[in-house]
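Asker: sequence first, predicted model second:
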Amino acid sequence: MKQSLSLRTGLALTMTPALQQAIRLLQLSSLDLQLEIRQALESNVMLEADGEDAEIQTTEEAMAESDSSAAVAEAGSAAETAIEIGGENVIPEEMPVDADWGDIYDSAGSAGSGSGEDDDGLHDFMQANLHGSQSLRDHLSWQASIAPFDEVDAEIALHIIDAINDDGYLEDWTGVRDRLVGGQNIPAERVEKILRAVQDFDPSGVAARDLPECLRLQLQQFPPKTPGLAAAFKVLEAPMAMLARHDETALMKATGLALETLREGLALVQSLQPHPGRPYQAHESDYIAPDVFVGKKNGRWRVSLNPEHTPKLRINQLYQGMVKRADTSRDQLTMKQHLQEARYFINSLEARNETLLKVAQCIVEEQRAFLDYGEEAMRPLVLRDVAEQLGIHESTVSRATANKYMLTPRGLYELKYFFSSHVQTTEGGTCSATAIQAMIKRLIAAEDPAKPLSDSTLAEMLLKEGIQVARRTVAKYREALRIPPSHERKPIG
């Protein structure tokens, strides 16, 4: 084959680094964006937050600072003790910049001011929103360390504790027992004995191999004369499916108990903890800050970005003035690179905010009926609708709505909540899936508790309102709302 050179023209789409950065920033959540901005400020000398004073000092300022070092030292010594005049602490006029408030203002002297109760309330709030200080494994290991175990029994107990999951259940008990019996030549009876000892640990019900055993272990902790205790043990001998369905008729046949006695046992069982390890799991509260605010002013819905999530950045003028175009030294090349990256970052951040605001405005414009009247007025909306109105790609809309939240007078919603598929109505129109779910929720809330509405009945009632949906579609929407079927909604008895 003969080789030759030729010229050929063509079009190709190439993603520049600036475009890649803009796409990446657009899909970041507010927390990830704050982290990205913080890292950019720390790594790029050309970037600074708007309103931030320059930290570089001139030679004269440095000399002035050295001349005033003695005065700062005197202020530091004065800050070590608070001056009391008339029984009140007075803050010195001059303090070192790193002075601690605890050195200046003695909180012990303000015990009668009422701030102690506020501090206690704040402490309780912070403790309620922090992770648990001790895990379930640590709690069980501590109990094993003070139990009357010899060295071998303590080792068996730790093996069992390691196999307990976060909910407090013992996983793969057969495998654990076989490893102890076969690998370490420990009698099976001894392993079972240690398991029963671990099951007596706190919390009650821990190290159970299934739900019935977990509940039985908790019942064993009750005093023998507890009302309904014997009935509760008999209830646990019945199939768990009957207990889950609250099927009193089937439970009466399975246990042979009278109705009143059965209900007494059921009440005791329902007071138990099916997940004994849950109190030891992490329970730090997560708070969502909105990216977009929506409010009504002068009869029109207004959309604005959260200023806390959109900090203004600028180029550091001092460093920018040091850049010399003709200079090709290493330091100058580094500063030029930082300057270019800073401009790219600021432009990408502005493009992100502009795109997010446009998408939010388009959503609000389309869903004004929802904001005015509620979920049943939600209109069907897909990514393509917003993309066509704004003249952007669907993937851009998807990135702009990912992990973003909007605060409205009706509550806090994820932007993706406003998108839903549509269902044809009997009059030839369309209705969103969110509106249908709201209708189903309304119908079920108004049903007769003694005669819950079946999915077929709900489909017929929706048809009367002009919504034509199949029974299986109603069941899908009902399950999405976490509403049990009609036979489970029927009250016990």
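Answerer: Here it is on my side, so go on. Residues are numbered from 1 along each chain as shown.
Asker: show me where pLDDT drops low in the stretch 301-450 of the chain?
Answerer: Applying pLDDT under 70 to the stretch 301-450 of the chain flags residues 422, 424, 426-429.
Asker: over to Asp448: give its phi and psi.
Answerer: Asp448 adopts backbone torsions of phi -80, psi 120, taken as degrees, to the nearest 10.
Asker: got it, and Arg300?
Answerer: phi -120, psi 150.
Asker: nearest residue to Cys362 in space, please, no chain neighbours.
Answerer: Residue nearest to Cys362 in three dimensions, not counting chain neighbours: Val386, with 5.0 Å by CB to CB, 6 or more residues apart in numbering. (C-beta placed from N, C-alpha, C; glycine too.)
Asker: the one you found and Gln27: what is the separation?
Answerer: Distance, Val386 to Gln27, by CB to CB, to the nearest Å: 16 Å.
Asker: tell me which of the two has more neighbours.
Answerer: More crowded of Val386 and Gln27, by other CB atoms under 10 Å: Val386, with 24 against 18.
Asker: for the chain, what's the longest helix?
Answerer: helix 330-366 (DSSP state H).
Asker: next, the buried residues of the following helix or strand past that one.
Answerer: Downstream of helix 330-366, the next assigned helix or strand under DSSP states H and E is helix 368-373. For helix 368-373, the neighbour count (16 or more other CB atoms under 10 Å) marks 370-371 as buried.
Asker: got the domain ranges for this structure?
Answerer: Under automatic domain parsing, the residue ranges defining each domain of the chain are 136-280, 292-418, 422-489.
Asker: looking at the ones you listed, which is closest to Gln3?
Answerer: Taking CB to CB, domain 292-418 is the member of the domains of the chain nearest to Gln3, at 40.0 Å.
Asker: so where do the strands sit in the stretch 351-493 of the chain?
Answerer: When assigned using DSSP state E, counting those that start in this stretch, the strands of the stretch 351-493 of the chain occupy the ranges 405-408, 411-414, 422-424, 430-432.
Asker: so which of the ones you listed is nearest Ile161?
Answerer: Comparing the strands of the stretch 351-493 of the chain under CB to CB, the one sitting nearest is strand 411-414, at 39.7 Å.
Asker: give me the distance between that closest one and the centre of its chain.
Answerer: 14 Å (CA atoms, centre = their mean, to the nearest Å).
Asker: that older thread, as CSV, the domains of the chain with distance to Gln20 would be great.
Answerer: Output for the domains of the chain, formatted as CSV (distance: least, CB to CB, whole Å):
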stretch, distance to Gln20
domain 136-280, 39
domain 292-418, 9
domain 422-489, 35
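Asker: go through those and name the closest to Leu7.
Answerer: domain 292-418 (32.2 Å).
Asker: coming back round to it: hmm, the residue nearest to Cys362 is touching Ile363, no?
Answerer: Yes - between Val386 and Ile363 there is a contact under CB atoms under 8 Å: 6.9 Å.
Asker: separation between Met242 and Asn298?
Answerer: From Met242 to Asn298 the distance is 60 Å (CB to CB).
Asker: just checking, Ala377 touches Phe370?
Answerer: Yes - between Ala377 and Phe370 there is a contact at 5.4 Å, judged by CB under 8 Å.
Asker: now do the buried residues in stretch 173-191.
Answerer: The neighbour-count check on stretch 173-191 (16+ other CB under 10 Å) flags 173, 176-177, 180, 186, 191 as buried.
Asker: can you give me the first-to-last residue distance of that stretch?
Answerer: End-to-end distance of stretch 173-191 (CA to CA, to the nearest Å): 11 Å.
Asker: run the chain-centre distance for it.
Answerer: For stretch 173-191, the distance to the chain centre is 41 Å (CA atoms, centre = their mean).
Asker: try stretch 269-279
Answerer: 23 Å.
Asker: just to check, Leu462 is in contact with Ala438?
Answerer: No - the pair Leu462 / Ala438 is not scored as a contact, 11.4 Å apart, by CB under 8 Å.
Asker: comparing these two, which residue is more hemmed in?
Answerer: Ranked by neighbour count (other CB under 10 Å), Leu462 and Ala438 place Leu462 first, with 22 against 19.
Asker: need the contact list for Asn165.
Answerer: Listed by CB atoms under 8 Å, 6 or more residues apart in numbering, the contact set of Asn165 reads 171, 277.
Asker: now it: how far from Gln134?
Answerer: Taken as CB to CB, the span from Asn165 to Gln134 is 17 Å.
Asker: same question, Ala22
Answerer: 46 Å.
Asker: between the two, who's got more neighbours?
Answerer: Set Ala22 next to Gln134 and count neighbours by other CB under 10 Å: Ala22 wins out with 21 against 10.
Asker: wouldn't the more buried one be in contact with Glu350 here?
Answerer: No - contact criterion CB under 8 Å: Ala22 and Glu350 do not qualify, at 9.5 Å.
Asker: and Leu33, what does it touch?
Answerer: 25, 309, 352.
Asker: of those residues - the most surrounded one?
Answerer: Taking other CB under 10 Å as the neighbour criterion, Arg352 ranks highest of those with 22 neighbours.
Asker: surely that residue is in contact with Gln27?
Answerer: No - Arg352 lies out of contact with Gln27 (CB under 8 Å); the separation is 9.1 Å.
Asker: name the residues contacting each of these two.
Answerer: Counting by CB under 8 Å, 6+ apart, Arg352 and Gln27 have no shared contacts at all.
Asker: ranges for the strands of the stretch 201-350 of the chain?
Answerer: For the stretch 201-350 of the chain, strands defined by DSSP E, counting those that start in this stretch occupy the ranges 292-297, 300-305, 313-315.
Asker: want to throw these into TSV with mean neighbour count and distance to Leu339?
Answerer: Output for those, formatted as TSV (neighbours: other CB atoms under 10 Å; distance: least, CB to CB, whole Å):
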stretch	mean neighbour count	distance to Leu339
strand 292-297	15	32
strand 300-305	14	27
strand 313-315	17	7
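Asker: want to throw the ones you listed into TSV with distance to Ser454?
Answerer: Converted to TSV, the strands of the stretch 201-350 of the chain look like this (distance: least, CB to CB, whole Å):
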stretch	distance to Ser454
strand 292-297	38
strand 300-305	39
strand 313-315	59
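Asker: of those strands, which is nearest Glu264?
Answerer: Among the strands of the stretch 201-350 of the chain, strand 292-297 sits nearest to Glu264 (CB to CB), with 51.9 Å.
Asker: what lines up beside the closest one in the sheet?
Answerer: Using DSSP bridges, the strands paired with strand 292-297 are strand 300-305 (antiparallel), strand 405-408 (parallel).
Asker: CSV for those strands, including distance to Ala147?
Answerer: Rendered in CSV, the data for the strands paired with strand 292-297 read as follows (distance: least, CB to CB, whole Å):
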stretch, distance to Ala147
strand 300-305, 58
strand 405-408, 49
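Asker: nearest to Ile315, of those?
Answerer: So among these, strand 300-305 is nearest, using CB to CB, at 22.0 Å.
Asker: tell me what angle that closest one forms with helix 330-366.
Answerer: Taking axes from the mean of the first three to the mean of the last three CA atoms, to 10 degrees, one finds that strand 300-305 is oriented at 160 degrees with respect to helix 330-366.
Asker: how far does stretch 27-41 sit from the chain's center?
Answerer: Worked out by CA atoms, centre = their mean, stretch 27-41 lies 18 Å from the chain centre.
Asker: typo on my end, stretch 25-44
Answerer: 19 Å.
Asker: and it, what's buried?
Answerer: 25-30, 33, 36-37, 40-41, 44.
Asker: and what of stretch 226-234?
Answerer: 228-234.
Asker: now, the residues you listed that are in helices?
Answerer: Using DSSP H, 229-234 are the members of the buried residues of stretch 226-234 that sit in helices.
Asker: sorry, back to before: among the buried residues of stretch 173-191, which one sits closest to Leu217?
Answerer: Trp173 (14.1 Å).
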